[in-house]
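**Student:** predicted model and sequence follow; I will ask about them next.
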Amino acid sequence: MGTASRAGIASARRIVVKVGSSSISGDNAGQIAPLVDAIASVHARGAEVVLVSSGAIATGMPFLRLDDRPADLATQQAAAAVGQSVLIFRYQESLDRYGIVAGQVLLTAGDLAAPDHRENAQRAMERLLGLRLLPIVNENDTVATHEIRFGDNDRLAALVARLVDADLLLLLSDVDALYTRPPEEPGARRIEHVAFGDELDGVEIGSTGTGVGTGGAVTKVAARASPPRRGQACSSHRPRRSTRPSPASTSARGSRPAAERPAPIGPTARQ
């Protein structure tokens, strides 16, 4: 990540962070703690953070004795129903170390498409942030259908970033960067930074998902179509490096005086 990108992260006052299923489930379930460490660090400097977290289905799969993501909708919904509560518990367990309280927000595509539902969601999110809580957003997989859904949480994260007027959107990934072709292939070159509007001609993007998730590089690139002020893809295995402050101090949103900030109740890319 370049100096300019780090400066943007350090100066952002409202950030949407998205993490995928494969980054926090299965063998990577232990990654929730370092992710929370990074979020708590940003929260402590006064920034507002919204976490968009996949993982309900993947977290619920072991409880249903499933090795692979179920193909049928009903079993996906059952796994999500079990996994969502476990996932939030794991987040809150880690957040307790910092005195931060999580607020669960489950959305469907219809919630952000219908003006009245969108307004209600926006009002709830603003209140959660005003109370210095951590909104944890996921698609409501228990009621979503194949026909009416976001399709992946990269798109959901981009829409949430616009909903809350975020300065910065961080998309965490198992892969440390965007490459010109699948990184395991010879000749793959790392792309350090993609600015909004950059052409990606000649970039070969491979798989669109893992055995437990539905995203991938394709959806992260597509998420640029609905960006907040700035966007960045980062490694989910080194979240602290993504949120470490730099000397820059200018905020895209403009900082509010301390007196205007709500008292804490406990310890996102538009160019």
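**Tutor:** Sure thing, it's come through.

**Student:** phi first, then psi, for Arg14.
**Tutor:** Note on Arg14: backbone dihedrals following degrees, to the nearest 10 are phi -140, psi 120.

**Student:** swap in Asp176?
**Tutor:** Taking degrees, to the nearest 10, you get phi -80, psi -10 for the backbone angles of Asp176.

**Student:** tally of neighbours for it?
**Tutor:** When counting by other C-beta atoms under 10 Å, one arrives at 16 neighbours for Asp176. Every residue, glycine included, has its C-beta placed from N, CA and C.

**Student:** what's the answer for the one 3 residues further on, then?
**Tutor:** As a burial measure, Tyr179 scores 20 neighbours (other C-beta under 10 Å).

**Student:** which residue packs closest to it, ignoring adjacent ones?
**Tutor:** Residue nearest to Tyr179 in three dimensions, not counting chain neighbours: Ala188, with 4.5 Å by C-beta to C-beta, 6 or more residues apart in numbering.

**Student:** identify the residues contacting the one you found.
**Tutor:** Tyr179, Thr180, Arg181, Pro182 (C-beta atoms under 8 Å, 6 or more residues apart in numbering).

**Student:** please pull out the lowest mean pLDDT helix or strand from this protein.
**Tutor:** Among the helical and strand segments of the chain, the one scoring lowest on mean pLDDT, DSSP states H and E is strand 230-235, with a mean of 49.

**Student:** re earlier: show me which pair in the contacts of Ala188 is furthest apart.
**Tutor:** Checked with C-beta to C-beta, these reach their widest spread between Thr180 and Pro182, with 9.4 Å between them.

**Student:** re the thing from before, need the contacts of Ala188 in TSV with secondary structure and distance to Leu73, can you?
**Tutor:** Listed next are these as TSV, based on DSSP: H, G, I helix; E, B strand; the rest coil; distance: C-beta to C-beta, whole Å:
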residue	secondary structure	distance to Leu73
Tyr179	strand	33
Thr180	coil	36
Arg181	coil	33
Pro182	coil	30
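
**Student:** out of the residues you listed, which comes closest to Pro70?
**Tutor:** Closest approach to Pro70 among those (C-beta to C-beta): Pro182, at 26.4 Å.

**Student:** that closest one: neighbouring residues, count only.
**Tutor:** Pro182 is surrounded by 13 other residues when neighbours are defined as other C-beta under 10 Å.

**Student:** mind pulling up the pLDDT for it?
**Tutor:** As predicted, Pro182 sits at a pLDDT of 80.

**Student:** ok, Val137 next?
**Tutor:** Taken from the predicted model, the pLDDT recorded for Val137 is 98.

**Student:** Ile57 now?
**Tutor:** For Ile57, the model assigns a pLDDT of 93.

**Student:** same for the helix ranked longest in the chain, what does it pack against?
**Tutor:** The longest helix of the chain (DSSP state H) is helix 73-95. Contacts defined by 3 or more C-beta pairs under 8 Å, 6 or more residues apart in numbering; DSSP states H and E place helix 73-95 against helix 32-44, strand 48-53, helix 56-60, strand 102-107, strand 134-139.
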